[in-house]
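K.L.:
Just to be clear, the model below is a prediction. Sequence and coordinates:
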Amino acid sequence: MTLFNGEGYDVVAGATTSPSEYQPVYTDAFGADPAVWEEASPLRQAGIPTTVLESRELGHADLTTLVGAPGDAIVTPALADFLGVCFEA
């Protein structure tokens, strides 16, 4: 599963690895207890690994149009790496 707007799918990642200006979105909604973040993260509850792509310089439209675009060095390689890991098994 690849989500471009998946903020609520892994609250732990959002509360700890997202840019500091976005972290209050998670702590305001879910508090400061990492155990609560874990419980509120459906992908973690299902045991599904997540990867966060740092792409602050890109807008939403950029992310969706860059996937597979010739010359893209940000979105496509990260997605290909992630999918490669998913299909190794």
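P.N.:
Nice, I can see it. Numbering: from 1, shown residues only.

K.L.:
domains of the chain?
P.N.:
1-52, 55-89 (automatic domain parsing).

K.L.:
Just to confirm, which residue in this structure is farthest away from the center?
P.N.:
For the chain, the largest distance from the centre (Cα atoms, centre = their mean) belongs to P70, which lies 23.1 Å off.

K.L.:
Could you point out the helix or strand that follows the one helix or strand in the chain whose mean pLDDT sits lowest?
P.N.:
One helix or strand of the chain scores below all others by mean pLDDT, DSSP states H and E: helix 42-45, with a mean of 80. For helix 42-45, the following helix or strand on the C-terminal side (DSSP states H and E) is helix 60-66.

K.L.:
Okay, buried residues for the helix or strand that comes right after that following helix please.
P.N.:
Later in the chain than helix 60-66, the nearest helix or strand by DSSP H and E is helix 75-86. Neighbour counts over helix 75-86 (16 or more other Cβ atoms under 10 Å) mark 75, 78-79 as buried. (Glycine included, C-beta is placed from N, CA and C.)

K.L.:
same for helix 75-86, what does it pack against?
P.N.:
Applying 3 or more Cβ pairs under 8 Å, 6 or more residues apart in numbering; DSSP states H and E, one finds that helix 75-86 makes contact with helix 60-66.
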